[in-house]
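S.K.: Here's a sequence, model it:
(2 chains)
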Amino acid sequence: AQTVTQSQPEMSVQEAETVTLSCTYDTSESNYYLFWYKQPPSRQMILVIRQEAYKQQNATENRFSVNFQKAAKSFSLKISDSQLGDTAMYFCAFMKPTTSGTYKYIFGTGTRLKVLA
Amino acid sequence: EAGVAQSPRYKIIEKRQSVAFWCNPISGHATLYWYQQILGQGPKLLIQFQNNGVVDDSQLPKDRFSAERLKGVDSTLKIQPAKLEDSAVYLCASSPGLHGYTFGSGTRLTVV
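M.R.: Model prediction:
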């Protein structure tokens, strides 16, 4: 069975600084996708960044980038120039195709990030 | 484009009562998901529909939880009877395929 582990329950960072959130996963699948989602107090799950496992190049979205180490099954998120609006829960997620032709997420337990003014 | 709509936003019930949640996915999204998110944990898939058929309900506690998606559009999730441990946020999501996966804002259920 696939599992996703986030070992940092809480983190804090000063505004404008850089922070890295860790995520490891376990799978025997070769075709899968990895995601980071942000969940503010509004509870809306907001997609931050996506990585296809078959791509060696690390994904980047503006201030957000990942360090994808496939052999180590590691998928960390780096937030540069942290902003107060980045304060939220961050979930690492693993997605795989199912036999029915759809896709299924498995989420980690989350890291609560607080950006300090 | 309208998002995934869920109602109610909050619900408080006593244990052993029943409750229902409603989800309206994004128009055209064939796949609909219900997740349970217990405080301090990540969302856990309860049930997945493809159009109006169930494709995965392996983690749905079928003795008390039920869900339907009539006509392949809206969906309802019901709990009867509720237990204290059912207190959680219930998230609905929909997708047309791999991309475009969109979550609703969830229903926060408190069982007292």
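
S.K.: Give the buried residues for the strand ranked longest in chain A.
M.R.: Assignment by DSSP state E gives strand A:88-97 as the longest strand of chain A. Of the residues in strand A:88-97, those with enough neighbours to count as buried (16 or more other Cβ atoms under 10 Å in any protein chain shown) are A:88-96. C-beta: built from backbone N, CA, C; applies to glycine.

S.K.: Determine the set of other helices and strands touching that strand.
M.R.: Contact partners of strand A:88-97 among helices and strands, from 3 or more Cβ pairs under 8 Å, 6 or more residues apart in numbering or on different chains; DSSP states H and E: strand A:3-5, strand A:33-39, strand A:74-79, strand A:103-107, strand A:111-116.

S.K.: tell me, which of those strands is the model least confident about?
M.R.: Set side by side, those show their lowest mean pLDDT on strand A:103-107, which sits at a mean of 86.

S.K.: Compute the inter-axis angle for it and strand A:33-39.
M.R.: Per axes from the mean of the first three to the mean of the last three Cα atoms, to 10 degrees, the angle that strand A:103-107 makes with strand A:33-39 is 60 degrees.

S.K.: which residues sit against strand A:103-107?
M.R.: With contacts defined as Cβ atoms under 8 Å, 6 or more residues apart in numbering or on different chains, strand A:103-107 is touched by A:2-4, A:33, A:35, A:37, A:91-98, B:31, B:42-45, B:48, B:56, B:95, B:97-98, B:101.

S.K.: at 6 Å what do you get?
M.R.: With contact meaning Cβ atoms under 6 Å, 6 or more residues apart in numbering or on different chains, strand A:103-107 is reached by A:2, A:4, A:91, A:93-95, A:97-98, B:42-43, B:98.

S.K.: One more: stretch B:53-68?
M.R.: With Cβ under 6 Å, 6+ apart as the contact definition, stretch B:53-68 has outside contacts at A:100, A:102, B:34, B:46-48, B:76-79.
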